[in-house]
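1. Just need the structure, nothing else, for what follows:
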Amino acid sequence: MRLQSAIFDMDGTLLDSMHIWNNLGPNLLRSMGIEPAPDLGDRLMLMTFRDGAALCKEEYHLSETVEEIMGLTKAKVHTFYETQVQAKPGVKKFLSLLKMEGVWMYVATNTDRDLVEAALKHTGLDGYFRGVMTCAEVGVGKKDSPEIYERCLRRLRSTKKDTVIFEDALHAIETAKKAGFRVCGVYDPSAEADQDAIRSLSDYYIRSFEEMFETETLD
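-> Numbering: from 1, shown residues only. Below you'll find the model as predicted:
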């Protein structure tokens, strides 16, 4: 895997954190006495925090404002990121190796910046990256546009042929590949049903970052 720069998704790629998101919206609605649609969690996973809150308000006719809905859910997530979230096995060692090799790195994530900063600080990963870009800041999600990757690439002062994107979500991998990026698919249990498609689309595929030390993957 030859690379001069790398772009990493955060949740499900760097961090073991997808479980906090999977039922966040549905559980909020259930706490209000509302039974959510079976596919709500999957739909919210593709959205920014604000867009997800707006969807819940509109589709379930909630009296709370979008800001109030965000507040009800965000406090729980922020506590998790500040005190509990863990990096995936092998992540810190792999990032250390890339940094030692002079590889510039960026985080491109659907998660809001304050949550990202809390998570990276708690896990000790904040010192490895040149910066963070969020879908909310870009104004469009990974399912609909590769813009977040393009902006990270410009800030890394690199090219697509010299860059690898690390992602766990099929929709993000599809977007990156269509835009001409090289992608390393990263296994996460939350996307178990998509693994065959992820493996076939990705230029590289790993079940764990610990695999990166079994062979000379950076040559």
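2. Only C-alpha atoms from now on, for both contacts and neighbour counts.
-> Will do.
3. So, low pLDDT: which residues of the protein?
-> Applying pLDDT under 70 to the chain flags the ranges 214-219.
4. how does it divide up, domain by domain?
-> Per the record's domain assignment (automatic domain parsing), the chain is made up of the domains 5-17+86-213, 19-83.
5. Give me whichever of those domains is most buried.
-> Across those, the average number of neighbours (mean count of other Cα atoms under 10 Å) peaks for domain 5-17+86-213, which reaches a mean of 19.
6. end to end, how far does it reach?
-> One end of domain 5-17+86-213 sits 18 Å from the other (Cα to Cα, to the nearest Å).
7. Repeat that for stretch 137-153.
-> Separation of the first and last residues of stretch 137-153 by Cα to Cα is 15 Å.
8. what do you get for stretch 18-30?
-> With Cα to Cα as the measure, the ends of stretch 18-30 fall 20 Å from one another.
9. Distance from the chain centre to that stretch, please.
-> Taking the mean C-alpha point of stretch 18-30 and that of its whole chain, the gap between them comes to 16 Å (Cα atoms, centre = their mean, to the nearest Å).
10. which residues in the chain form strands?
-> Assigned by DSSP state E, the strands in the chain fall at 5-8, 104-109, 131-134, 163-167, 182-186, 204-206.
11. To Ala54, which of these lies closest?
-> Checking the strands of the chain against Ala54 by Cα to Cα gives strand 131-134 as the closest, at 18.2 Å.
12. Give the other helices and strands that that closest one contacts.
-> Contact partners of strand 131-134 among helices and strands, from 3 or more Cα pairs under 8 Å, 6 or more residues apart in numbering; DSSP states H and E: strand 104-109, helix 113-123, helix 147-156.
13. partners of the first one, with directions?
-> I take that to be strand 104-109. If you go by DSSP bridges, strand 104-109 pairs up with strand 5-8 (parallel), strand 131-134 (parallel).
14. What lies in contact with the first one?
-> The reference is to strand 5-8. 14, 103-109, 149, 152-153, 156, 158, 162-167 (Cα atoms under 8 Å, 6 or more residues apart in numbering).
15. quick one: it to chain centroid distance?
-> For strand 5-8, the separation from the chain centroid amounts to 12 Å (computed by Cα atoms, centre = their mean).
16. Use 23 as the first number from now on
-> I'll keep to 23 as the first residue from here, and by that count the last item is strand 27-30.
17. ok, back up a step: among the strands paired with strand 126-131, which is nearest Tyr209?
-> The closest approach between Tyr209 and any of the strands paired with strand 126-131, judged by Cα to Cα, belongs to strand 27-30 at 13.4 Å.
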